[in-house]
Each structure stands twice: as structure tokens, then as C-alpha cells.
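# Structure for this input, please:
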Amino acid sequence: MDNQPTYKNIHNRFKLNGNHYRFKDLFEVAYSFIKEGEAHERAIGDFLMDWIRPNPTITLKTSGSTGTPKMITYEKQAMVNSALATGNHFGVEIGDRALHCLNADFIAGKMMLVRAMILGLELDLIPPQGNVLAHNSINYDFAAMVPLQVEQSFKELNRVKTLLIGGAPSSTQLKERLKEKTTRCFETYGMTETLTHIASRQINGVSNAFLSLPEVKLATDDRGCLTIKVPYLFDDLIITNDLVELQNDQSFILKGRIDNVINSGGFKLLPEEIEQKLSRFIALPFFVAGVEDQNLGQRLVLIVEGNLPDNLLESSAVKELLGKYEIPKNVYAVPAFARTPNGKIQRKQTLALLDL
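Numbers count the residues shown, from 1 in each chain. Sure, this is the predicted structure:
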């Protein structure tokens with residue numbers, strides 16, 4: 001990506017809440033948000049203050065969904081390059097109307113701001129709770145949401161032309177319902193370390209595989225886990241704990257996380273695959289896990305948030321869909337799951353609440 005704009009090159013078509021801003025105007029915007037804005041605006045103000053500082057790097061915090069949150073320092077130019085790659089991949093055009101409804105404390109919310117500034121988008125800021133399309137009647141060319149926001153905004157979703165969905169897995173039920181929509185809905189794959197998504201899969205498309213963004217190179221290590229090379233971000237190879245079925249160096253099918261694999265009676269079970277099957281029948285938040293068992297090594301259990309559904313696993317439809325060893329031995333309910341600040345379920349911490 002030679003001769004690309006720098007972080008100071010705010011596009012002359014960039015608008016925030018209907019107003020044009022140049023780089024030199026961002027201090028006033030940020031200061032106003034920090035001093036007088038609502039909670040979601042203060043987070044945006046903090047990020048803009050970091051963005052306009054002369055330091056060429058910026059420090060980001062990981063979500064902590066799979067471990068202890070950590071701080072990572074990145075070049076601002078890498079964020080610019082990521083924004084350009086997203087624009088190319090999804091066909092985002094100069095002057096497109098975009099919706100910002102994500103928490104700017106986290107990378108996804110920060111990157112929506114960077115995309116708008118660099119690609120020349122007209123960005124509307126909306127509080128990141130509830131039905132995020134209920135605040136106005138505007139049609140949007142581009143937006144990004146977490147699955148819960150998609151559920152809550154579902155009736156009005158056709159007002160969005162292209163929608164990125166990430167931050168947490170989407171249920172099978174939601175994916176099936178999205179096929180009714182005219183919106184181009186993409187499930188994204190990425191993390192803070194890759195400055196959000198490096199691959200996507202169109203939910204209401206024909207392929208089950210994730211396709212990488214331009215220039216991203218994919219491979220697997222000796223465990224069968226995905227490795228990622230993103231030359232426009234940095235030189236290091238990213239080694240993940242995500243088990244995949246690699247199609248080629250730009251496409252893969254996601255199977256699950258290796259650190260979640262359950263060894264029950266000698267059979268290796270992937271919780272994510274079992275959860276995708278069960279999500280057709282369970283409306284409440286849930287997950288499956290392995291707990292210590294004297295005979296099996298690990299016993300497969302189902303954890304549900306809220307009230308325990310009656311005879312959940314007795315349904316013939318459930319038994320037909322699940323393999324013999326994929327049927328949980330026990331079902332437990334907890335009032336509320338342990339979650340990260342941006343809403344991702346913390347499996348180990350939630351299991352600890354049950355004291356099994």
C-alpha cells in the first residue's frame with residue numbers, strides 16, 4: 001500500500017453528525033465530547049484526542065474474551081491501511097452514509113471512526129444500546145453491529161445496504177432470519193490484534209467459508225490452527241488458537257477454538273459446532289463446556305443463562321441433529337453469565353460460578 005494517505009489526511013468528504021471536519025477541527029470536536037458528551041461520545045472524544053496527537057502510534061486494549069486483557073501499541077498508519085482494505089473489500093464509496101453504533105472503548109468502534117475519516121463517509125453517531133435504527137429514518141450504506149443489536153433492530157434492517165456483524169458469534173436462528181433481508185450481511189472474523197476483521201463471510205450468500213481481505217495470507221500451523229499474515233499492518237505472523245479447515249491461502253471454514261476442545265471418553269468435541277446446532281432450539285444465551293469427570297475425563301454440559309428450559313434435551317429433533325457424543329450429559333442454569341466489558345461471554349469464569 002504505497003503512497004497511501006496518513007492519519008492526518010482527513011478526507012474532504014468526511015462528515016460527523018452532518019458537519020464537515022478537517023484534521024485541525026478534531027481537537028474542538030474531541031474536547032466538546034469529553035466535557036459535555038454522553039458516555040458513548042466521551043469514548044469517541046478520547047479516541048479522537050489520541051488520533052490527533054503527533055505521536056505516530058496508538059495503544060489499544062484487547063477484549064479479554066479468551067484471557068487477560070492486554071495493551072498493544074500500533075502505528076496509526078496501520079489503522080489507516082486497515083480502513084482502506086475494508087473499503088476495497090466491501091465496496092464502500094466516498095460519500096456513503098454510515099452508522100456508528102459501537103462502543104468506541106473497543107477496537108471495532110474506533111475503526112468505524114477511522115474508516116469514516118479516511119474513506120470520506122458521512123457518519124452518524126448513535127448510542128450503542130437497543131434498537132440502533134430507531135433514532136432516525138435514514139437509509140445507511142454501511143454499518144457494523146454486534147448480534148444483539150442486529151436482533152433488536154431487525155425489523156428496520158433493510159434500511160442498511162451493507163452490514164458487518166461481529167464481536168460475538170451469531171446464532172443459527174439469526175443467520176436464517178437474515179436471509180429474508182435485502183441487506184448484504186457479513187459475519188466478520190478478526191480481533192484487536194488484526195485491527196478488527198481480516199476476513200468475512202456473507203451470511204445471506206452461498207458460501208460457508210470466510211474470505212480474507214486484500215493482501216492477507218492465511219495458513220495453518222501443526223495444530224491445525226489459523227495463522228495470519230497482514231503485510232499492510234505489520235511484519236509479524238499472527239498465530240491464533242482457532243481451528244480451521246483451510247480452503248486456500250485466502251479462504252477458510254472456522255471450526256472452533258483449540259482451547260475449548262472437549263475430550264470426553266476419548267472423543268474430541270468442538271463446542272462451537274455443537275452450539276451452532278443447539279442454537280436452533282435455544283433462544284436464551286448458552287454455551288457448552290467440558291467439566292472434570294472420573295470416568296470420561298471430561299463430561300459435556302450445557303450452561304444456560306436465565307431459567308432452565310423444561311426437557312430441553314429430550315426433543316427428538318435435538319437428538320436427531322446432534323451426534324451420539326454431542327448430547328450434553330447435564331444442563332445447568334445461572335442467573336447471569338460472566339462477560340467482558342463489551343459483552344463477550346467468559347466461559348471459564350461462568351463455569352466457576354457453578355462450582356462443579
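
# What is the burial count for residue 335?
8 (other Cβ atoms under 10 Å). No exception for glycine: its C-beta is placed from N, CA and C like everyone else's.

# er, residue 90 I mean
Residue 90 has 21 nearby residues by other Cβ under 10 Å.

# Surely it is in contact with residue 144?
No. Counting by Cβ atoms under 8 Å, residue 90 sits too far from residue 144 to count as a contact (10.2 Å).

# Quickly list what's touching both of the two.
The overlap between the contact sets of residue 90 and residue 144 (Cβ atoms under 8 Å, 6 or more residues apart in numbering) consists of residue 164.

# Without its sequence neighbours, what residue ends up closest to the residue located most distally from the centre of the chain?
Within the chain, the residue lying farthest from the chain centre (Cα atoms, centre = their mean) is residue 295, at 37.4 Å. Once flanking residues are discounted, residue 295 sits nearest to residue 265: 7.7 Å by Cβ to Cβ, 6 or more residues apart in numbering.

# List the residues that contact the one you found.
295, 296, 297, 325.

# And the residues you listed, which of them are buried?
residue 296 (16 or more other Cβ atoms under 10 Å).

# how about residue 5, secondary structure?
coil (DSSP: H, G, I helix; E, B strand; the rest coil).

# Roughly how far does the residue nearest to residue 295 sit from residue 294?
Separation of residue 265 from residue 294 (Cβ to Cβ, to the nearest Å): 12 Å.

# now do residue 330
Counting by Cβ to Cβ - residue 330 and residue 294 are separated by 14 Å.

# neighbour-wise, which of the two wins?
Higher neighbour count among residue 330 and residue 294: residue 330, with 12 against 6, using other Cβ under 10 Å.

# Next up, the contacts around the closest residue to the more buried one other than its chain neighbours.
Leaving aside its sequence neighbours, residue 330 sits nearest to residue 301 (Cβ to Cβ, 6+ apart; 4.7 Å). Residues in contact with residue 301 (Cβ under 8 Å, 6+ apart) are 288, 289, 290, 291, 328, 329, 330, 331, 332, 356.

# just residue 17 next, same as before
123, 124, 125.

# and the residues you listed, which of them are in strands?
123, 124, 125 (DSSP state E).

# got TSV for those residues, with neighbour count, distance to residue 40 and pLDDT too?
As requested, the ones in strands among the contacts of residue 17 are arranged in TSV below (neighbours: other Cβ atoms under 10 Å; distance: Cβ to Cβ, whole Å; pLDDT from 0 to 100):
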residue	neighbour count	distance to residue 40	pLDDT
123	22	13	98
124	20	12	98
125	21	7	97
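
# Nearest to residue 29 among those?
residue 125 (10.7 Å; Cβ to Cβ).

# Could you list the low-pLDDT ranges of the stretch 51-200 of the chain?
The stretch 51-200 of the chain contains residues with pLDDT under 70 at 63-68.

# 90 instead, please
59-72, 148, 167-176, 192-193 (pLDDT under 90).

# could you give the mean pLDDT of stretch 280-287?
Stretch 280-287 shows a mean pLDDT of 87.

# who's in contact with that stretch?
By Cβ under 8 Å, 6+ apart, stretch 280-287 touches 172-173, 271, 275, 278, 302-307, 309, 312, 315, 317-318, 321, 337, 345, 347, 350.

# ditto for stretch 252-263
Applying Cβ under 8 Å, 6+ apart, the set of residues contacting stretch 252-263 is 66, 189, 199, 208-210, 218, 223-226, 241-247, 268-273, 288-290, 297-298, 300, 347.

# The same query, at a cut-off of 6 Å, please.
Here stretch 252-263 makes contact (Cβ atoms under 6 Å, 6 or more residues apart in numbering) with 208-210, 218, 223, 225, 241-246, 268-272, 290, 297-298, 300.
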